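Novice: Fold the stuff below for me.
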Amino acid sequence: EVLAARPARLLAAPLTTALLVRHPAVGVAPVTRRPNVRYDGPVALLDELHVVPHLRGRGIGGSLMRRPLADAVEEGVSPVEINVDEGDTDARRFHARHGFTDIEPDSGDRALYLHREIGD
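Specialist: Reported below is the predicted structural model:
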């Protein structure tokens, strides 16, 4: 019930959009945009890219990826970010095929994502 309510709240805000493939849904890709002090344009976070497991490998994920990237160019978004677990090699390989890397272009250092859960 909690997860079912969150997408509706996110989509009600002007900074989040989502792509949905087919009805019933077989894939979803919500994207949140935010200002950032390092870039003139907004930064986009691909919050999730999910395709129903038994339908993977059919190009659905690629379709879900192409649209946010095209929208980012049109909207003047600077970087598009994605958080991927280190052990999720399939997701990392998928994102690398679409031009994503964990190497910072300015320094050549490996990019790390740090987080801290606050509260409940």
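
Novice: mind checking how far the residue positioned nearest the centre of the chain is from residue 118?
Specialist: Nearest to the mean C-alpha position of the chain, counting by Cα atoms, centre = their mean, stands residue 46 at 1.4 Å. Going from residue 46 to residue 118 by Cβ to Cβ, to the nearest Å gives 23 Å. Bear in mind the C-beta positions are built from the backbone N, C-alpha and C, glycine included.

Novice: next one: residue 79
Specialist: Look at residue 79 and residue 118: by Cβ to Cβ, they are 25 Å apart.

Novice: try residue 110
Specialist: Counting by Cβ to Cβ - residue 110 and residue 118 are separated by 26 Å.

Novice: The two: who's more crowded?
Specialist: Between residue 110 and residue 118, counted using other Cβ atoms under 10 Å, residue 110 has the larger neighbour count: 9 against 5.

Novice: So what sits opposite the more buried one in the bridge?
Specialist: Beta-bridge pairing for residue 110 (DSSP bridges): residue 103.

Novice: List the residues that contact the residue nearest to the centre of the chain.
Specialist: Contacts of residue 46 were listed using Cβ atoms under 8 Å, 6 or more residues apart in numbering, and they are 29, 30, 31, 65, 68, 80, 81, 82.

Novice: Mind pulling up the pLDDT for the first one?
Specialist: The reference is to residue 29. With respect to pLDDT, residue 29 scores 86.

Novice: Does it lie in a helix or a strand, and which?
Specialist: Element membership of residue 29, judged by DSSP states H and E, is strand 27-34.

Novice: Look up phi and psi at the nearest residue to residue 94 once chain neighbours are set aside.
Specialist: Spatially, and ignoring its direct neighbours in sequence, residue 94 is nearest to residue 61 (6.2 Å; Cβ to Cβ, 6 or more residues apart in numbering). Dihedral pair for residue 61: phi -60, psi -40, per degrees, to the nearest 10.
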